[in-house]
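Student: Quick one, fold the following:
(one chain, ligands or ions: 1)
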Amino acid sequence: MVGNPINYDDKYVSGTPIWGNPKLDFYLKRYISLLSGKKVLDLGIGEGKNSVFLANNGYSVTGVDVSEKALEICKRYCSSIDFVNCDIRNYQIEKNHFDLIMSNSVLHFLHKDDVCAIVQNIKAGLVQNGLVYISVFSVDDPGFMFKENSGDFCKLDNGIFYRELDDTYYSYFSKAEVLKLFSDFSTVFVSDEFGLDLSHGRPHFHGVIRYIGRKR
Ligand SMILES: C[S@@+](CC[C@H](N)C(=O)[O-])C[C@H]1O[C@@H](n2cnc3c(N)ncnc32)[C@H](O)[C@@H]1O
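Tutor: Numbers count the residues shown, from 1 in each chain. As a prediction, the model looks like this:
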């Protein structure tokens, strides 16, 4: 495990939703019927974008986030979620337990070695036929080029950046890399998108790899 977790507390301090209103996103809506059980784990739950909807619709959701403020906001939307305030790298996922494990827009805030370790834990934590849903920034994300040209970041190998200021790592992925991470899973959906993000703040672009896979 290397570096600190990203600190989002400054962003969450206003107490108003910063990632847009919590709702089930298009991708989960499309594939949720594949789940045979209702146990869900959200790694980096934030304000509970997908989890609040699932918890309010009969799913048993555990949400992990290092930001206490994020969990406070999420709790206001839905108190029935089982909240865990810790770094996802330290969270011991119960083995063969969850029907769905998701991590939406979180893993790119870590070094790829830590991401690999978390992916192994996700695999062990899913029941057979359980689903994983992750989204990560792609190498086409504007943040990649920004970091390449910023004096604050040091470019390491393999799409990884380091910021000494707060001892944090950032990782950018290719679709092939994500597929390789889950090569022992059956791919349900994968995409490599570059698009406008209107969900929060000023309109801006992101490059995102989304992956939904099924444990064999
Ligand atoms: C961009 S937000 C996404 C939140 C939510 N998944 C969503 O889709 O709206 C990233 C969240 O991940 C959390 N996070 C980042 N690194 C983390 C870590 N190492 N352990 C736990 N939470 C982390 C942040 O605190 C933040 O709430």
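Student: Could I get the buried residue list for stretch 136-149?
Tutor: In terms of neighbour count (16 or more other Cβ atoms under 10 Å), stretch 136-149 has its buried residues at 136-141, 143-144, 147. To be clear about C-beta, it is placed using only N, CA and C from the backbone, and glycine gets the same treatment.
Student: Stretch 30-41 too?
Tutor: Under the neighbour-count criterion of 16+ other Cβ under 10 Å, stretch 30-41 has 31-32, 35, 39-41 buried.
Student: Need the distance between the two termini of it.
Tutor: As for stretch 30-41, its first-to-last residue distance stands at 18 Å under the measure Cα to Cα, to the nearest Å.
Student: just to revisit the earlier point, return the member of the buried residues of stretch 136-149 nearest to the ligand.
Tutor: Phe137 (10.0 Å; Cβ to the nearest ligand atom).
Student: Which residue, other than its chain neighbours, is closest to the closest one?
Tutor: Beyond its immediate neighbours in the sequence, the residue positioned closest to Phe137 (Cβ to Cβ, 6 or more residues apart in numbering) is His108, lying 4.2 Å away.
Student: who touches that neighbour in this structure?
Tutor: When contacts are counted by Cβ atoms under 8 Å, 6 or more residues apart in numbering, His108 is found next to 136-137, 170-173.
Student: Sort out for me which of those residues are in strands.
Tutor: 136-137, 170-171 (DSSP state E).
Student: from this protein, which residue is nearest to the ligand?
Tutor: Using Cβ to the nearest ligand atom, the single residue of the chain nearest to the ligand is Gly46, 2.5 Å away.
Student: ok, and the closest non-adjacent residue to that residue?
Tutor: Ala70 (5.0 Å).
Student: Does the ligand have contacts with the helix or strand hosting the one you found?
Tutor: Using DSSP states H and E, Ala70 sits in helix 68-77. Yes - among the residues of helix 68-77, Ala70 lie within reach of the ligand under Cβ under 6 Å from any ligand atom.
Student: how far out from the middle of the chain is that helix?
Tutor: Using Cα atoms, centre = their mean, to the nearest Å, the mean C-alpha position of helix 68-77 is found 17 Å from that of the whole chain.
Student: how would you label the residue of the chain most remote from its centre: helix, strand or coil?
Tutor: If you look at how far each residue of the chain sits from its centre, by Cα atoms, centre = their mean, the farthest one is Gly151, at 26.9 Å. For Gly151, the secondary-structure state derived from DSSP: H, G, I helix; E, B strand; the rest coil is coil.
Student: And the pLDDT at it?
Tutor: With respect to pLDDT, Gly151 scores 95.
Student: Please report phi then psi for the residue nearest to Leu34 when sequence neighbours are not counted.
Tutor: For Leu34, the nearest residue in space outside its immediate sequence neighbours is Leu131; the separation is 6.2 Å by Cβ to Cβ, 6+ apart. For Leu131, the backbone dihedrals are phi -110, psi 140 (criterion: degrees, to the nearest 10).
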